[in-house]
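Novice: turn this into a model:
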Amino acid sequence: MFTLTTMALRTSKNFVFKSAKIRYLSVLGIETSCDDTGIALLNENGEVLGNVLNSQQKFHTRYGGIIPPRAQDLHRARIAEVFEHCMQEAKMTPDMLDAVGVTTRPGLPLSLLVGARFAKHIARKYKKPLVPIHHMEAHALQARMEQNIPFPFLCLLISGGHSQLVFVRSATQFLLLGESLDDAPGEAFDKIARRLRLFLIPKYCYWNGGQAVEDAAKDAKNPARFEFPLPLARERNCNFSFAGIKNNAFRNIRAAERQEGTPPDGIIYNYHDFCAGLLAAVSRHLMNRTQRALEFTLPWFGDAPRSLVVSGGVANNDYIFNDLAHLAEHYNSRAYRPSKKYCSDNGVMIAWNAIEQIKHNRSCMRWDYDAVSIHGKAALGVSKLDAVTEAAIKCKWVQASKWRGAQSALKVTQ
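Specialist: So this is what the prediction gives:
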């Protein structure tokens, strides 16, 4: 607890307590690492006092991807308004804040710059300390705001720009076990969904690729119709690769279009089956790499309860999360994810990460505003990639929670 003030007056025989007033730590979180302008206000108990998010998704969807200069312009145009709405929602004034957390790394530099400058402006004007936040660390710790997840835990971070496996020892100690060698899963979903032309379906017009693929897969009749080879099948590490799945998807789409004579403004007939096969392939790849990470980290847990946290935008995918939860059960572990509204980028996770850091070590609060800089790229924790590779752990793969027509029954040891 930040401060606790209790007034006690001694009488002749006992203490008479006047009204006790509890003062909780209140932190503002500012997130502008990509295309969402998110600002939130939290207290140290995880109570969300205000949370406003301005999404640019509809704008960028029209161009098939994020345009950094336009993303910066849209952040600039809306960030002050988002801040004002957040403070109004919280029914607080800026002078009541205890600190300002802001994403400074990694992300789109032009977008990060807007958030960092605005955070410094607020900090200077109201004389508040800044807490620089690592975007992926914030994702990793977000689930702890709502659920009792003790340290340490294994975390799978999956989003539009990242795919990483980290062992989290504390609010500031992260050990990197695996990362994507090329595309991230959300990025692959977006590119494949666009090539498949799912945006032509009114329902999916403004949805991201992962949402559209998951929804379309629900109506599949034959999920095994299309083949999706397993990436990195011979590599005994925890790294990911989604470029192979993406390229194979493009080949499948082209072949189906030729066979069906699909017009330039059309969609292949069996797109439901295609989406089911794609989703199963991505889920299987995530399961296999996470399984090896669980095997590798078992000694690190000791007698502590084992937890697997899945976070980032792709954690919203119920198909994928259910497969990972099933995997965790095989290792006597429990799987967690943040509420869906907090899986994707938002100001809440930034404010919560700042609170976690402050409670761990108050020296994280910075008054040297000019020295706080942004970084488009930033490593996550201490790398253990070589140690995982050297261990070369063999796994007998755990199968999905129920039969998936698009998943082969891999029972070989690799």
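
Novice: output the below-cut-off pLDDT ranges for the chain.
Specialist: Low-confidence segments of the chain (pLDDT under 70): 1-23, 60-64, 401-414.

Novice: now the residue nearest in space to the middle of it. Nearest residue, chain neighbours left out?
Specialist: Note on the chain: the residue nearest the mean C-alpha position is G312, at 1.6 Å, using CA atoms, centre = their mean. The spatially closest residue to G312, leaving aside those adjacent along the chain, is S159, at 3.5 Å (CB to CB, 6 or more residues apart in numbering). Quick note: C-beta positions are derived from backbone N, CA and C, even for glycine.

Novice: what do you get for M136?
Specialist: Nearest residue to M136, sequence neighbours excluded (CB to CB, 6+ apart): L380, at 5.1 Å.

Novice: for that neighbour, give me phi and psi.
Specialist: phi -110, psi 110 (degrees, to the nearest 10).

Novice: tell me how the chain divides into domains.
Specialist: For the chain, the domain assignment from automatic domain parsing gives the residue ranges 28-143+343-371, 153-337+384-391.

Novice: a markdown table please, covering those and showing distance to W397.
Specialist: Putting the domains of the chain into a markdown table (distance: least, CB to CB, whole Å) gives the following:
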| stretch | distance to W397 |
| --- | --- |
| domain 28-143+343-371 | 25 |
| domain 153-337+384-391 | 6 |
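
Novice: pull up the gap between the residue nearest to M136 and R144, please.
Specialist: Taking CB to CB, to the nearest Å as the criterion, L380 is separated from R144 by 17 Å.

Novice: rewinding a little: quick one, phi psi at the residue nearest to G312?
Specialist: Backbone geometry at S159, expressed as degrees, to the nearest 10, gives phi -150, psi -170.

Novice: same question, the one 4 residues further on
Specialist: Reported as degrees, to the nearest 10, the phi and psi values for S163 are phi -150, psi 110.

Novice: isn't it up against I245?
Specialist: No. At 11.7 Å, S163 and I245 do not qualify as touching, with contact defined as CB atoms under 8 Å.

Novice: which one of the two has more residues nearby?
Specialist: Counted by other CB atoms under 10 Å, S163 and I245 do not tie: S163 has more neighbours, with 29 against 23.

Novice: tell me how far the residue nearest to the centre of the chain lies from D182.
Specialist: Distance, G312 to D182, by CB to CB: 17 Å.

Novice: again with F151
Specialist: The gap separating F151 from D182 is 31 Å, by CB to CB.

Novice: next: A354.
Specialist: Going from A354 to D182 by CB to CB gives 32 Å.

Novice: could you do F250 as well?
Specialist: Applying CB to CB to F250 and D182 gives a distance of 14 Å.

Novice: ok, now S33?
Specialist: For S33, the distance to D182 equals 20 Å [CB to CB].

Novice: compare neighbour counts for these two and give me the winner.
Specialist: Neighbour tally, S33 and D182, criterion other CB under 10 Å: the higher count belongs to S33, 26 against 16.

Novice: list the contacts of I133.
Specialist: Under the criterion of CB atoms under 8 Å, 6 or more residues apart in numbering, the contact partners of I133 comprise G29, G101, V102, T103, T104, I350, N353, A354, Q357.

Novice: switch the residues you listed over to TSV; also include secondary structure.
Specialist: As requested, those are exported to TSV (DSSP: H, G, I helix; E, B strand; the rest coil):
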residue	secondary structure
G29	strand
G101	strand
V102	strand
T103	strand
T104	strand
I350	helix
N353	helix
A354	helix
Q357	helix
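
Novice: name the nearest of those relative to A281.
Specialist: Distance from A281 was checked for each of the contacts of I133 by CB to CB. The minimum falls on T103, at 31.5 Å.

Novice: CA atoms only: put stretch 326-341 into PDB for me.
Specialist: The C-alpha atoms that make up stretch 326-341 are tabulated as PDB, following Å, rounded to 0.1, in the frame of the first residue of the first chain:
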ATOM      1  CA  HIS A 326      -5.200 -28.300 -22.400                       C
ATOM      2  CA  LEU A 327      -1.400 -28.400 -22.800                       C
ATOM      3  CA  ALA A 328      -0.900 -26.800 -19.400                       C
ATOM      4  CA  GLU A 329      -3.000 -29.400 -17.700                       C
ATOM      5  CA  HIS A 330      -0.700 -32.200 -18.900                       C
ATOM      6  CA  TYR A 331       2.100 -30.400 -16.900                       C
ATOM      7  CA  ASN A 332       0.000 -29.900 -13.800                       C
ATOM      8  CA  SER A 333      -0.200 -26.200 -14.600                       C
ATOM      9  CA  ARG A 334      -3.000 -23.700 -14.800                       C
ATOM     10  CA  ALA A 335      -3.400 -21.500 -17.800                       C
ATOM     11  CA  TYR A 336      -4.400 -17.800 -17.500                       C
ATOM     12  CA  ARG A 337      -5.000 -14.900 -19.800                       C
ATOM     13  CA  PRO A 338      -6.200 -11.300 -19.200                       C
ATOM     14  CA  SER A 339      -9.800 -10.400 -19.800                       C
ATOM     15  CA  LYS A 340     -10.300 -10.100 -23.600                       C
ATOM     16  CA  LYS A 341     -10.700  -6.400 -23.400                       C
END
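
Novice: and A243, how many neighbours does it have?
Specialist: A243 is surrounded by 16 other residues when neighbours are defined as other CB under 10 Å.

Novice: surely it meets A184?
Specialist: No. The criterion here is CB under 8 Å, and A243 misses it with A184 at 10.1 Å.

Novice: any idea which helix or strand carries S373?
Specialist: Counting by DSSP states H and E, no helix or strand carries S373.

Novice: grab the nearest non-local neighbour of it.
Specialist: Nearest non-adjacent residue to S373 (CB to CB, 6+ apart): T104, at 6.9 Å.

Novice: any idea how far M96 is from that neighbour?
Specialist: As judged by CB to CB, T104 and M96 stand 24 Å apart.
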